[in-house]
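In: Return atomic coordinates for the entry below.
(4 chains)
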2 protein chains.
Amino acid sequence: MITPSREDYLETLFHLESEGVASTTQAIADHLQISAASVSENIKKMAIERFVVHSPYKGVKLTAKGRAVAIDVVRRHRLSERFLVDKLGIKWEEAHREAHRLEHGLSRAVEVRMFELLGNPETCPHGNPVPTLSGKIRDDHSHPLASLNVHDRARIVKITDEEPKQLRYLASIGLMPKTQIRVERKAPFGGAVIVRVGETAYALGNDIARSIWVRKTG
Amino acid sequence: MITPSREDYLETLFHLESEGVASTTQAIADHLQISAASVSENIKKMAIERFVVHSPYKGVKLTAKGRAVAIDVVRRHRLSERFLVDKLGIKWEEAHREAHRLEHGLSRAVEVRMFELLGNPETCPHGNPVPTLSGKIRDDHSHPLASLNVHDRARIVKITDEEPKQLRYLASIGLMPKTQIRVERKAPFGGAVIVRVGETAYALGNDIARSIWVRKTG
DNA sequence: CTCCTGATTTAGGTATACCTAAATCATACA
DNA sequence: TGTATGATTTAGGTATACCTAAATCAGGAG
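Out: Reported below is the predicted structural model:
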């Protein structure tokens, strides 16, 4: 049985793998806000059920079976976010948390109709691609903000941070998907980036910059 | 903590009390499709937490605290049904089941915005009143179909049956809220009722008639 | 008024999903 | 090449939420 808890684990693994982060017990525990011991136990069971491959003391990887379920959950999550923001006017920075409550309750039939109602959206409100019904994820050809050079112009593609606090800040300075930016200055060694949005320049720390993905326009 | 399971119990108790049915262990077990033993245990715990009053071997009653939560769940349920039918085009007879999956995931904020999106609906698609945010339930002044006399004309107010099978049948003959009907004949002792809908007369068994509530129009 | 029957509860058991504390492992550095 | 340190797993425990089988209760028929 795929319980809401299982869905959360699979979703977490998908996120970590997408970000290129190793899916360690601790990383999963941090993301789910539970103890590493609980994660260890649960991962062991999910390995028996072939959702993941687990090399004890090494790491966890989604199997094709696990990835299929994970992508299904991610699709429901991102559609829920779209619905909450576009149809209900829920705040951009709250959409993630609210969608997390909603996503487990969407049947396939409801999810399919919701996709139509929303006009077959390609992304969530933060710019992350909505997987297709068949589980494909479009490449958005985006690159980390830090990969830009000074004076490059770019358009924001997506923001992968999920914390309301950070998202609220980014929204307040207009840094959202589709926003045009220009790199004014860069600190060395992957430090802060100074970015111009409209008429104003903002310094973005390493942490927040890592969650901003862009496509060069200039 | 009010878990989805707890919400289901409270919702069930609300339904049984609304229908004037005694909330026996067995009635609850039948409604939730679980064993009477499980219900007995769980009711004991819910009594300790003051959601219900339990007289062992006698019966269960919602407390004010339990009723408040129950009404909250019912509100979310009926709004979900409205949303599913009006916005997503989910079939009338499937709305109940789907709403049951969805209702547990709606936060207060989402529920409030959904209510607005739906145009402040007064009823669910089956005609049951949507409780107000403050927990009030409008009296719909409806009466059981069986209370009508031969040749009475009436308008359907609500249908309290939740089974897709029965609902599909009723929808197929046009028997839904707002439908005008006329009682053609009545079998004695609360037996079948023969009802005219449009040009056609249909015999409705006792079971199904009990779930149809009407307001006299003639 | 007793007994039978069906409803209810209790006893004992399972699975999930969490926890803390203790044991174990991997590896980086000294 | 040890060794200590931090990550991971195991051990042991709790709470929820279900189950079947057995015991107990209540109320109607005789």
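
In: from here on, contacts and neighbour counts on C-alpha atoms
Out: Noted.

In: To what extent is residue A:179 buried, counted in neighbours?
Out: Counted with other Cα atoms under 10 Å in any protein chain shown, the neighbours of residue A:179 add up to 14.

In: Correction: the previous question concerned residue A:136.
Out: Using other Cα under 10 Å: residue A:136 sits among 12 other residues.

In: Tell me if I am right that residue A:215 is in a helix.
Out: No - using DSSP: H, G, I helix; E, B strand; the rest coil, the assignment for residue A:215 is strand, not a helix.

In: Give me the next element, helix or strand, following the longest helix along chain A.
Out: The helix spanning the most residues in chain A, taking DSSP state H as the definition, is helix A:64-86. Beyond helix A:64-86 in the direction of the C-terminus, DSSP states H and E gives the next helix or strand as helix A:95-102.

In: What is that following helix packed up against?
Out: helix A:64-86 (3 or more Cα pairs under 8 Å, 6 or more residues apart in numbering or on different chains; DSSP states H and E).

In: Tell me the buried residues in the helix or strand of chain A with the lowest mean pLDDT?
Out: Each helix and strand of chain A was given a mean pLDDT (mean pLDDT, DSSP states H and E); the minimum falls on helix A:206-209 at a mean of 90. Burial within helix A:206-209, assessed by neighbour count using 16 or more other Cα atoms under 10 Å in any protein chain shown, is assigned to A:206, A:208, A:209.

In: what mean pLDDT does the longest helix of chain A have?
Out: What helix A:64-86 shows for mean pLDDT is 98.

In: Domains in chain A, by residue range?
Out: For chain A, whose domains are defined here by automatic domain parsing, the residue ranges read A:4-62, A:143-216.

In: so which of those domains gets nearest DNA strand C?
Out: In this view, those are compared for proximity to DNA strand C by Cα to the nearest atom of the strand, and domain A:4-62 is the closest at 3.2 Å.

In: for the least confident helix or strand of chain A, packing partners?
Out: Judged by 3+ Cα pairs under 8 Å, 6+ apart, helix A:206-209 is in contact with no other helix or strand.

In: one step back: save the domains of chain A as CSV, and put in distance to residue A:107 too.
Out: Listed next are the domains of chain A as CSV, based on distance: least, Cα to Cα, whole Å:
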stretch, distance to residue A:107
domain A:4-62, 13
domain A:143-216, 24
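
In: which one of the ones you listed lies closest to DNA strand D?
Out: domain A:4-62 (3.3 Å).

In: Can you get me the start-to-end distance on the closest one?
Out: One end of domain A:4-62 to the other measures 17 Å (Cα to Cα, to the nearest Å).

In: How far away from the center of its chain is it?
Out: In terms of Cα atoms, centre = their mean, to the nearest Å, the gap separating the centre of domain A:4-62 from the centre of its chain is 16 Å.

In: now check that domain, is it near chain B?
Out: No - with Cα under 8 Å from any Cα of the partner chain as the criterion, chain B is not reached by domain A:4-62; the gap is at least 11.2 Å.

In: sorry, back to before: next, the angle from the longest helix of chain A to helix A:95-102.
Out: Using axes from the mean of the first three to the mean of the last three Cα atoms, to 10 degrees, the inter-axis angle of helix A:64-86 relative to helix A:95-102 is 120 degrees.

In: and helix A:64-86, which residues are buried?
Out: Using 16+ other Cα under 10 Å as the test for burial, helix A:64-86 gives A:66-85.

In: Identify the residues contacting the closest residue to residue A:71 other than its chain neighbours.
Out: For residue A:71, the nearest residue in space outside its immediate sequence neighbours is residue A:135; the separation is 6.1 Å by Cα to Cα, 6 or more residues apart in numbering or on different chains. When contacts are counted by Cα atoms under 8 Å, 6 or more residues apart in numbering or on different chains, residue A:135 touches A:68, A:71, A:72.

In: Look at residue A:135 and report its pLDDT.
Out: For residue A:135, the predicted pLDDT is 97.

In: Next: residue A:117.
Out: Among the per-residue scores, residue A:117 holds a pLDDT of 98.

In: That one contacts residue B:86, correct?
Out: No - Residue A:117 is beyond contact range of residue B:86, at 11.1 Å (criterion: Cα atoms under 8 Å).

In: and the least confident helix or strand of chain A, how far out from the chain's middle?
Out: Relative to the centre of its chain, helix A:206-209 is centred 15 Å away, using Cα atoms, centre = their mean.

In: do the same with stretch A:74-82
Out: Taking Cα atoms, centre = their mean, the mean C-alpha location of stretch A:74-82 is offset from the chain mean by 11 Å.

In: quick one on the thing from earlier: which of the buried residues of helix A:206-209 lies closest to chain B?
Out: residue A:208 (27.7 Å; Cα to the nearest Cα).

In: Now do the contacts for that closest one.
Out: By Cα under 8 Å, 6+ apart, residue A:208 lies in contact with A:161, A:166.

In: In contact with the spatially most central residue of chain A: list those residues for me.
Out: By Cα atoms, centre = their mean, chain A has its centre lying nearest to residue A:160, at 4.4 Å. Contact analysis of residue A:160 by Cα under 8 Å, 6+ apart lists A:126, A:128, A:211, A:212, A:213.

In: Fine by me, thanks again.
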